[in-house]
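Trainee: 3D model of this:
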Amino acid sequence: FYISPNGTDGDLGTSAQPWKTFSYAFANMGSGSTLVLKDGTYFGQMVDPPSGTSAQYTRIMAENDGGAVIDGANGSVYPNGPLVINSSSSYIRIEGIKFVNGGEGVVSIDGTYIELKRASVSQADRNNVYAYGIGLSGSNNLLEDVWAYGDGRYPVLVTGNNHILRRVVTRFDYSDGSQPQSGFSFYPASNVICENCLTFDYAFGTYVGTAASKIKGGNNNRFYGNIILNTNNFPGFSPMNSGAYGAQNNIYNSVIWDAPVGVTVAGGGGTFLMDQLTVGNATGGAITGYSTIISTNSIFNVTGGSAASTNDYNIFYKAPVSGNATNALTSNPGLKYLLRVETSSPAYGSGKGGKHRGANIVYRYKNGTQTAELLWPWPHEDRMKRDMCDTALLATIGRTGASTPKWCTTNKTLSRYIWEYLGNSCPAGMC
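Mentor: Residues are numbered from 1 along each chain as shown. Model (predicted):
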């Protein structure tokens, strides 16, 4: 079936005679059907498409990725945003759509087995102190190749359990500062996998409890191949590991660079593991806080040290060597790129069990396992730049002049921006 801003409810719902409203379309399409959105801007709200089944998802998809825009009118008409999927819904896949101008939220997803793919999400209501871009709750839901940015304290807010976030990109742009802020907030969330996610180029945060990726009130969350880059005054990861604040929230093979602190851990209970991290230009230290923190196979290219309770096979370059460090190196890791360790580096193959010390984020993760499929060039990066660096949007959110996001001041693709961050040309095949 087809829908268009210029369609007519009561027509056949074909490409030549599309429907007009989502409410009519959802009432007339069955479980497991596909609804194709023709290009244009839809002023309205998409609420609860019919559920599909595990064998055949209901699909809501743009005819041309990025060509269909759903505008929630800044929350004045639709306070919950232009996309709302409630808890009774299941087995729905939404693809290629741009969602803008929500109220408290722009996209609100509850239910089970809901998938949001290749989507752009921006502009919650800046006058709402609780505003978020994507609110993900329920269980067993997926965000894949999604980017969230613009006004709001949380571009992505995750609750519930057993979700997967895959190649989700966020940028913190504005919040009034009366509430905590972060690029990703897991609050509370458990058994979530966040793989190959990126958060970068932040505006200044005006609340003390900021962090680029904050985990509070959940357990057993896993982070694989993530990148936290240029986050202004936001620390990198901030897991809270005690009692009600969760435990066993672990980070693997990830980069934190140009953040005031790499990892800051609050709370005294539970165990927190970080393995193969590259942390640099963090003047407040690689790891701060307290808990049972196990740090292995990592590079600390920082002026502050590591407060981990276990430091094994780490490189402390520029950083003071922790008193409890074992199998430590202090030599220059010779980083040419944030994303990989060169064969000439002392970090190459010198970690525990022959691992590299530091991050190597070249391949995609899927369900917590590194695959043989290249991550780079970053998928949909041209569309992302058009959306995230749109000059009218940047003017609206006050990110002009000196506060313009760094990527948006360059003519580089996202891949080239990240690979060339340390000043070396992008290696062959990556950009």
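Trainee: need the helices for the protein, in chain order.
Mentor: Using DSSP state H, the helices of the chain run over 22-28, 381-388, 391-396, 414-419.
Trainee: As TSV, those helices with mean pLDDT would be great.
Mentor: Below are the helices of the chain laid out as TSV (pLDDT from 0 to 100):
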stretch	mean pLDDT
helix 22-28	97
helix 381-388	98
helix 391-396	96
helix 414-419	98
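Trainee: Using JSON lines, please lay out these together with distance to Tyr132 and mean neighbour count.
Mentor: In this view, the C-beta of every residue, glycine as well, is placed from N, C-alpha and C. JSON lines is the format used below for those (distance: least, CB to CB, whole Å; neighbours: other CB atoms under 10 Å):
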{"stretch": "helix 22-28", "distance to Tyr132": "22", "mean neighbour count": "18"}
{"stretch": "helix 381-388", "distance to Tyr132": "17", "mean neighbour count": "18"}
{"stretch": "helix 391-396", "distance to Tyr132": "17", "mean neighbour count": "14"}
{"stretch": "helix 414-419", "distance to Tyr132": "23", "mean neighbour count": "22"}
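Trainee: As JSON lines, those with distance to Val121 would be great.
Mentor: Below are the helices of the chain laid out as JSON lines (distance: least, CB to CB, whole Å):
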{"stretch": "helix 22-28", "distance to Val121": "17"}
{"stretch": "helix 381-388", "distance to Val121": "9"}
{"stretch": "helix 391-396", "distance to Val121": "13"}
{"stretch": "helix 414-419", "distance to Val121": "17"}
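Trainee: Mind checking those helices for the one nearest to Ser175?
Mentor: helix 391-396 (14.6 Å; CB to CB).
Trainee: Find the residue ranges of the chain scoring beneath the pLDDT cut-off.
Mentor: Counting by pLDDT under 70, the chain shows low-confidence ranges at 74-79, 206-210, 216-217, 240-247, 267-270, 290-291.
Trainee: Tell me the spacing between the spatially closest residue to Asn360 that is not a sequence neighbour and Thr278.
Mentor: Nearest-residue entry for Asn360: Arg340, 4.9 Å, with adjacent residues in sequence omitted and distances by CB to CB, 6 or more residues apart in numbering. From Arg340 across to Thr278, the span is 9 Å (CB to CB, to the nearest Å).
Trainee: The two: who's more crowded?
Mentor: Thr278 (30 against 20; other CB atoms under 10 Å).
Trainee: which residues sit in contact with the more buried one?
Mentor: Under the criterion of CB atoms under 8 Å, 6 or more residues apart in numbering, the neighbours of Thr278 are 254-257, 298-299, 301, 335, 338, 358-359.
Trainee: For Gly135, grab the count of nearby residues.
Mentor: Gly135 has 25 neighbouring residues, counting by other CB under 10 Å.
Trainee: try the one 3 residues further on
Mentor: Burial measure for Gly138: 21 neighbouring residues, criterion other CB under 10 Å.
Trainee: what sits against Asn332?
Mentor: 317, 346.
Trainee: ok so, going back, give me the common contacts of Arg340 and Thr278.
Mentor: Taking CB under 8 Å, 6+ apart as the criterion, Arg340 and Thr278 both touch Ala359.
Trainee: Quick check: ChimeraX command selecting the buried ones in the contacts of Thr278.
Mentor: Selection command for ChimeraX covering only the buried members of these, criterion 16 or more other CB atoms under 10 Å:
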select :254,255,256,257,298,299,301,335,338,358,359
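Trainee: about what we covered before: Arg166: which of the helices of the chain is closest?
Mentor: Across those, closest to Arg166 is helix 381-388 (CB to CB), at 15.0 Å.
Trainee: Who are the packing partners of the closest one?
Mentor: strand 112-122, strand 142-149, helix 414-419 (3 or more CB pairs under 8 Å, 6 or more residues apart in numbering; DSSP states H and E).
Trainee: Tabulate those (TSV), appending distance to Gly429.
Mentor: Converted to TSV, the helices and strands packed on helix 381-388 look like this (distance: least, CB to CB, whole Å):
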stretch	distance to Gly429
strand 112-122	23
strand 142-149	20
helix 414-419	10
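Trainee: looking at those, which is closest to Phe26?
Mentor: With CB to CB as the measure, strand 112-122 is the member of those nearest Phe26 (14.7 Å).
Trainee: Identify each buried residue in that closest one, please.
Mentor: Within strand 112-122, the residues scored as buried using 16+ other CB under 10 Å are 112-122.
Trainee: And for stretch 329-349?
Mentor: Applying 16+ other CB under 10 Å to stretch 329-349 flags 329, 333, 335-341, 345-348 as buried.
Trainee: again with stretch 85-100
Mentor: 85, 89-100.
Trainee: sorry, back to before: out of the helices of the chain, flag the one nearest Ile215.
Mentor: Comparing those under CB to CB, the one sitting nearest is helix 414-419, at 23.5 Å.
Trainee: and that closest one, what other elements does it pack with?
Mentor: Using 3+ CB pairs under 8 Å, 6+ apart: helix 414-419 touches helix 381-388.
Trainee: Kindly format the C-alpha coordinates of the helix it packs on as PDB.
Mentor: Extracted in PDB, the C-alpha atoms of helix 381-388 (Å, rounded to 0.1, in the frame of the first residue of the first chain):
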ATOM      1  CA  GLU A 381      27.200   9.300   5.800                       C
ATOM      2  CA  ASP A 382      26.200  11.600   3.000                       C
ATOM      3  CA  ARG A 383      22.600  11.700   4.200                       C
ATOM      4  CA  MET A 384      23.700  12.200   7.700                       C
ATOM      5  CA  LYS A 385      25.800  15.200   6.900                       C
ATOM      6  CA  ARG A 386      22.900  16.800   5.000                       C
ATOM      7  CA  ASP A 387      20.800  16.400   8.100                       C
ATOM      8  CA  MET A 388      23.200  17.100  10.900                       C
END
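Trainee: Cool, thanks, talk later.
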